[in-house]
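*Asks:* Sequence first, then the predicted structure:
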Amino acid sequence: MENKKIICTNKDGEKFDVVADQLKFRPSVYGVIAREGKVLLVRQWDGYDFPGGEINLGEKIENALVREVREETGFDVKPLWLLTIDDDFHKMTFGYSFVQSIQAYYLCDIVGGKLSKENFDVGQFEDKYMDLAEWVDLDDIGKVKLFDPVRSVKTRILDDLRRS
């Protein structure tokens with residue numbers, strides 16, 4: 001791995017050459033919540049993403065999923081099943097770190113809570129770049145901006161939801 005270069009992207013798709021040993025490892029998990037022809041997406045900057053984020057050291061995947069979705073949407077969820085896992089190399093938006101991210105996407109069902117931004121993680125600056133999550137019509141998905149990383153995975157998941 002010595003001096004191996006990795007191409008990382010930021011949220012807008014800009015590319016950066018990074019030496020592999022400068023990467024931090026960042027496992028993360030995301031909730032895919034759909035009902036009545038709509039999917040719940042978190043508003044970020046001028047686009048959208050699935051609710052989710054980093055799995056903390058010592059935290060079980062399902063616990064991280066429930067925590068992240070609650071922080072970003074206000075809803076309590078029950079994970080139903082794993083949809084897909086993918087990986088990505090990207091530049092974190094805040095700070096100068098580059099990460100190798102393993103990203104798990106779970107289909108979830110809402111079991112409580114209410115749509116809110118009261119639980120944003122201010123330590124992660126969520127209050128600075130996120131807004132209230134929105135139900136987006138699956139037929140309108142092609143019209144919204146989905147952020148890198150793993151745009152192709154997000155598009156595939158949304159296409160599968162639209163067909164089902």
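*Replies:* Alright, I've got the coordinates.

*Asks:* Below-threshold pLDDT in the protein: ranges please.
*Replies:* 1-2, 96, 120, 122-130, 147-154, 162, 164 (pLDDT under 70).

*Asks:* any chance you could map the strands in it?
*Replies:* 5-9, 15-19, 24-32, 34-35, 38-44, 47-49, 52-54, 75-91, 98-113, 130-137 (DSSP state E).

*Asks:* Format these as TSV; extra columns: mean neighbour count and distance to Asn119.
*Replies:* C-betas here are computed from N, CA, C, even on glycine. Listed next are the strands of the chain as TSV, based on neighbours: other Cβ atoms under 10 Å; distance: least, Cβ to Cβ, whole Å:
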stretch	mean neighbour count	distance to Asn119
strand 5-9	15	28
strand 15-19	13	31
strand 24-32	20	14
strand 34-35	15	21
strand 38-44	21	12
strand 47-49	20	16
strand 52-54	22	12
strand 75-91	16	10
strand 98-113	18	9
strand 130-137	16	11
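
*Asks:* out of the ones you listed, which comes closest to Lys145?
*Replies:* strand 47-49 (3.4 Å; Cβ to Cβ).

*Asks:* packing partners for the closest one?
*Replies:* strand 38-44 (3 or more Cβ pairs under 8 Å, 6 or more residues apart in numbering; DSSP states H and E).

*Asks:* now the strands of the chain in a markdown table, with distance to Ile61?
*Replies:* A markdown table is the format used below for the strands of the chain (distance: least, Cβ to Cβ, whole Å):
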| stretch | distance to Ile61 |
| --- | --- |
| strand 5-9 | 24 |
| strand 15-19 | 26 |
| strand 24-32 | 6 |
| strand 34-35 | 20 |
| strand 38-44 | 19 |
| strand 47-49 | 18 |
| strand 52-54 | 11 |
| strand 75-91 | 8 |
| strand 98-113 | 6 |
| strand 130-137 | 21 |
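
*Asks:* between those, which gets nearest to Arg156?
*Replies:* The nearest among those, by Cβ to Cβ, is strand 75-91 at 7.6 Å.

*Asks:* Output the contacting helices and strands for that closest one.
*Replies:* Strand 75-91 packs on strand 5-9, strand 24-32, helix 61-73, strand 98-113, helix 151-163, going by 3+ Cβ pairs under 8 Å, 6+ apart.

*Asks:* No further queries at this time; thank you.
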